[in-house]
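J.: Fold the stuff below for me.
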Amino acid sequence: MDAKTAAAIERLKQNKALAGQLMRSGDGQKLMELLTKGDGGAALNRAASSAAAGDTAELAQMLRGLMQNKDAAAVMERLSDSAKQ
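T.: Residues are numbered from 1 along each chain as shown. Next up is the predicted model:
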């Protein structure tokens, strides 16, 4: 995970209201759709559980996979920009 992404995640950890607002946004909903596509969210749930326990490798891998998709990368960039504000 790059420093920019790590900083955005840290901001969201510190500001739960902002995280909730972003996830309810159109881009947040699209990101969730992309992350749960195919298995109904099972992989995301596993990755989130691992991340909560301190192992972010699986979640980082999921996000790297999304970054390979031009549209998904644009959604993530917009969300990251919103988290900075």
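J.: list the contacts for L18?
T.: R11, L12, A83 (C-beta atoms under 8 Å, 6 or more residues apart in numbering). Where you see a C-beta, it was placed from the backbone N, CA and C, and this is true even at glycine.
J.: Could you measure from it over to L34?
T.: For L18, the distance to L34 equals 20 Å [C-beta to C-beta, to the nearest Å].
J.: can you check Q14 too?
T.: To L34, Q14 is 25 Å away according to C-beta to C-beta.
J.: likewise D55?
T.: The value you get for D55 to L34, if C-beta to C-beta is used, is 22 Å.
J.: what residues does the lowest-mean-pLDDT helix or strand in the chain touch?
T.: Least confident helix or strand of the chain, by mean pLDDT, DSSP states H and E, is helix 3-14 with a mean of 73. Defining contact as C-beta under 8 Å, 6+ apart, one finds that helix 3-14 is touched by M1, L18, A19, L22, L63, S80, A83, K84.
J.: ok, of those residues, which come out buried?
T.: By neighbour count, with 16 or more other C-beta atoms under 10 Å, these hold A19, L22, L63, S80, A83 as buried.
J.: pLDDT weak spots in the chain?
T.: Along the chain, segments meeting pLDDT under 70 span 1-2, 4-5, 85.
J.: so which helix or strand takes in the spatially closest residue to Q61 that is not a sequence neighbour?
T.: Spatial nearest neighbour of Q61, excluding adjacent residues (C-beta to C-beta, 6 or more residues apart in numbering): A47 at 7.8 Å. Secondary-structure assignment from DSSP states H and E places A47 in helix 42-52.
J.: And that helix, what does it pack against?
T.: helix 57-67 (3 or more C-beta pairs under 8 Å, 6 or more residues apart in numbering; DSSP states H and E).
J.: Check what contacts the helix it packs on and list those residues.
T.: Residues from elsewhere that reach helix 57-67 (C-beta under 8 Å, 6+ apart): 1, 5, 31, 34-35, 43-44, 46-48, 50-51, 72-73, 76.
J.: Quick check on the residues you listed: which are buried?
T.: The neighbour count (16+ other C-beta under 10 Å) marks T5, L31, L34, L35, A43, L44, A47, A48, A51, A72, M76 as buried among the contacts of helix 57-67.
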